[in-house]
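[1] The sequence and its predicted three-dimensional model are supplied below.
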Amino acid sequence: MSSNRDGFSSTFGVLAATLGSAVGLGNIWKFPYLTGSNGGAGFLLVYLLATLLVGLPVMIAEIAIGRAARGDAVSAFERLRPGRGWGMIGVMGLLAALLIMAFYSEVAGWVFAYVAKAAAGGLLSSDPKLLSDAFGALVADPVSALMWQWVVLALVGGILSFGVSRGIEAVTKRLMPILFLLLVLICVRGLTLPGASAGLAFLFSPDFSKITPAVVLVAVGLAFFKLSIGMGTMVTYGSYFRADQNIPMTATRVMLADLTVSMLAGIAIFPAVFAFGFKPEAGPSLVFITIPAVFAGMPGGAFFMVAFFVLTAFAALGAMLSIVEVPVAVIAERFGLKRWQAALISVGVIGAVGSLAALSGSLTADWKLFGLNPFDLFDFVSSNLLLPAGGILIALFVGHSWGRGAWLRELSNDGALANQALAGALFVLVRWVSPVLIALVMLKGLGAF
Ligand code: PHE
C-alpha cells in the first residue's frame, strides 16, 4: 500500500472527521424540515429503520472498500476488482457530489447570511410574518444569493487546498462538542415554552396514514444523505483510515452521534414551531424562521443566536469539505494535479451549476423540470435517486464481486479483531437485504408498481 498517502493522523481524528462529514445541514436544516413536511413521528420511524437496516451496513461497506483499496471514489472499486466497470459507481458519485454541493452551498450561504444578520442585531423577533419575510427577502435577492454561495465555495476550496490532515481534521474536531452543547441549550429553552408539548407529540407519536411510498423514499434518501453514503465520500474517507481502526465500531459511533444531533435539532425546533404558531410543513425555511424566534425572548438571546449560526456554518463546512473531497481526490490522483488545482476546478464547476440553485428564489424560479425548480431538482435527484442507487451498487459490489473472504479480512483488520460473527451477519445484510430493500423502496416510491 502506498504509505506516503496523506491520511488522518489519529484514531480520534478519524472519528472527528467522519463525524464532521455526517453532521451538517442534514441534521440542522434538512432533517427538521423533511420531518415537518412529511408528518412528523411516522417519518422519523421510517428514517430510523432505514438508517439501521441499510444506512449503517452501506456505510461500513464504503469505509471498508476505501481502506482496503487506499484509493479515491473511482479507483478504489477498480483496484479491488479491476476491469469490470465498477468504477462507474465512483463516476455516479461525482455527479451526486456536484448536485448536492449545488444546493448545499446555497443553504450554507443562507446560514452565513444569517450570521451577518444576527450579528447586526436583526432577527430578534418571534413574529412569524416578520421572520418569514426576512428569509423570503434573502432568497429572492439574486445578488446576495450568489454572493453568499461564492463566499462559501471560496472557503471550502481554500481549506481543501491545505490537504487532508491539516485542513479537514483541524477544523472539524474542535467545533462539534460546542455545537452539541448549544443544541442542548436550545432544547431546554424550547421545551420550557408554553405549548411545547404539541411539538413533542408531533415528533414522537406517529400517524401512519401519512406514510406513503413516496414518503418512504424520502426517508431512505435522508438516511443516505445524513450518513454521507452512496456517493463515495465514505470510500474516500475510508482510504485515509488507519489500518488498526475498528471500522464497524467507528461507523456505529458516527451513526449514533449523528442521530443524536438530529434528534436534538428536532427537539430544539418542533416545540418552538408549535409554541409560536409556525407551520411544521414550512419547507426549507423552517429552521431559518423558527430558531430566531426561540432566541428572541431569551436572556443573552442575541449572543446565542450568533453562536448558533456560526456553529451551524462550521458544521456545514465539515460536511462540504467531505463532499468536495470526492472530486478533489479523483482529479488530483487521476490527472496528477496539485490539490489546490483540483480544488479550484471542483469549486468552479460547482459554482457554475450551483448558481442555478442559488437563483431558484429569483431568476430561475420558473425553470422547472418535473415541476421542480433547479434547487429542488438537484436535491431530489441526488438524495432520492443517485445516493440510493449508489447504495445498491456498493452493496452489490461487496456482496457479489469483492466477496466474503475479503470483507471478513478487512472488517477484522486482518484477523486482529474477533468480530467474525458480526462481520458475517453484516455480509448477509449487504449481499441480500440492503440492495433488495433499497430497490423496492425506489421503485415503489417512484410509482413503478
Ligand atoms: N451528511 C451531510 C449532512 O448531513 C451531507 C453529506 C451528504 C455529506 C453526502 C457528504 C456526502 O449535512
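    Happy to help now that I have it. Numbers count the residues shown, from 1 in each chain.

[2] CA atoms for contacts and neighbours, from now on please.
    OK.

[3] For the stretch 201-350 of the chain, what lies in contact range of the ligand?
    The stretch 201-350 of the chain comes close to the ligand at residues Phe225, Lys226, Leu227, Ser228, Ile229, Thr233, Ala319, Ser322, Ile323, as judged by C-alpha under 6 Å from any ligand atom.

[4] as a whole number, average confidence for stretch 215-224?
    Averaging pLDDT along stretch 215-224 yields 98.

[5] okay, now Pro206: neighbour count?
    As a burial measure, Pro206 scores 17 neighbours (other C-alpha atoms under 10 Å).

[6] for Leu369, phi and psi?
    phi -130, psi 130 (degrees, to the nearest 10).

[7] nearest residue to it other than its sequence neighbours?
    Nearest residue to Leu369, sequence neighbours excluded (C-alpha to C-alpha, 6 or more residues apart in numbering): Leu377, at 7.3 Å.

[8] And Ala96, by the same measure?
    Ser382 (5.2 Å).

[9] again with Trp110
    Excluding the flanking residues, the one nearest Trp110 by C-alpha to C-alpha, 6+ apart is Trp148, at 7.0 Å.

[10] So the one you found, which state does it fall into?
    helix (DSSP: H, G, I helix; E, B strand; the rest coil).

[11] Next, work out how far apart Arg189 and the ligand are.
    Computed as C-alpha to the nearest ligand atom, to the nearest Å, the Arg189 to the ligand distance reads 24 Å.

[12] now for the helix or strand harbouring that residue, which elements pack on it?
    Using DSSP states H and E, Arg189 falls within helix 170-191. Where contact means 3 or more C-alpha pairs under 8 Å, 6 or more residues apart in numbering; DSSP states H and E, helix 170-191 is packed against helix 11-22, helix 247-275, helix 286-296, helix 301-335.

[13] Could the C-alpha coordinates of stretch 280-295 be exported in CSV?
    In CSV, the C-alpha atoms belonging to stretch 280-295 read as follows (Å, rounded to 0.1, in the frame of the first residue of the first chain):
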residue,chain,number,x,y,z
PRO,A,280,-44.2,22.4,10.6
GLU,A,281,-44.6,21.9,6.9
ALA,A,282,-42.9,25.3,6.1
GLY,A,283,-40.2,23.5,4.0
PRO,A,284,-36.6,24.7,3.6
SER,A,285,-37.3,27.9,5.5
LEU,A,286,-38.3,26.1,8.7
VAL,A,287,-35.1,26.4,10.7
PHE,A,288,-34.4,29.9,9.5
ILE,A,289,-37.7,31.2,10.8
THR,A,290,-38.0,29.1,13.9
ILE,A,291,-34.6,29.5,15.5
PRO,A,292,-34.6,33.3,15.7
ALA,A,293,-38.0,33.1,17.5
VAL,A,294,-36.6,30.7,20.1
PHE,A,295,-33.8,33.2,20.9
